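> Quick one, structure for this:
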Amino acid sequence: MLRLALLLAALVPACRAADAARPESRATLSGTAQWAGDLPTTRSGTVRLTIRGFGEVGDDCRGGGDMAFTATYTGALEVQADDRYSVALYPEAITAGTGCSANEIRPERIDKIQLDAQLGDEVGYGTLGYQTLTAIDGDDLKSGTFDELAGDLVFTRP
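Modelled structure (predicted):
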């Protein structure tokens, strides 16, 4: 029992340090969840926003210059009883087509924006309702500065 108490005492500061290291959210995804079948068994899970595009990568990525990129942002999803949700999104990574981390990037075009979510056994997919994010620059892409995003998720059981 003493070991368990000491383990918990050690984990609490580590969890707080991890939360403190996470950047501030500069984007919120809001919308409505739709269910293809029965109501879900859980309403808590995760959501991921993936942006794919083409741009100029100017750092140490092999090849440099113009290449495809993928940017990902995640958040904790909590669907309310009325099926609405609002999620703070946090930047995860931007990778170039070569697989390296793209730190210096100037997006030239956005090719695809995709939403993926998981609620227990339920898998959700969606897109943004009307935003295209075509005016974002490299700083916006890196920090996830998208403000309010609107998108609906459709959930199914695999």
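
> And the strands in the protein?
Along the chain, counting by DSSP state E, strands occupy 27-35, 44-57, 65-78, 84-96, 105-119, 122-128, 147-156.

> counting contacts, what elements does the fourth one pack onto?
Helices and strands in packing contact with strand 84-96 are listed as strand 27-35, strand 44-57, strand 65-78, helix 138-143; criterion 3 or more C-beta pairs under 8 Å, 6 or more residues apart in numbering; DSSP states H and E. To be clear about C-beta, it is placed using only N, CA and C from the backbone, and glycine gets the same treatment.

> With the longest one instead?
The contact analysis (3+ C-beta pairs under 8 Å, 6+ apart) places strand 105-119 against strand 44-57, strand 65-78, strand 122-128, helix 138-143, strand 147-156.

> State the mean pLDDT of the second one.
Going back to what we said before, that points to strand 65-78. Mean pLDDT, computed over strand 65-78, is 91.

> so how far is that strand from its chain's centroid?
Here strand 65-78 shows a centroid-to-chain-centroid distance of 6 Å under the convention C-alpha atoms, centre = their mean, to the nearest Å.

> Direction included, what does it pair against?
Here strand 65-78 is paired, per DSSP bridges, with strand 44-57 (antiparallel), strand 84-96 (antiparallel).

> With the third one instead?
The partner list of strand 122-128 in its sheet, established with DSSP bridges, is strand 105-119 (antiparallel), strand 147-156 (antiparallel).

> Give the buried residues for the longest one.
When you say that, I think you mean strand 105-119. For strand 105-119, the neighbour count (16 or more other C-beta atoms under 10 Å) marks 105, 107, 110, 113, 115, 116, 117, 118, 119 as buried.

> just checking, the fifth one touches residue 128?
Yes - in this structure residue 115 lies within contact range of residue 128 using C-beta atoms under 8 Å: 7.4 Å.

> intersection of neighbour lists for these two?
Listed as contacting both residue 115 and residue 128 by C-beta atoms under 8 Å, 6 or more residues apart in numbering are residue 151.

> Just name the closest of the buried residues of strand 105-119 to residue 133, please.
Checking the buried residues of strand 105-119 against residue 133 with C-beta to C-beta, the nearest one is residue 110 at 5.4 Å.
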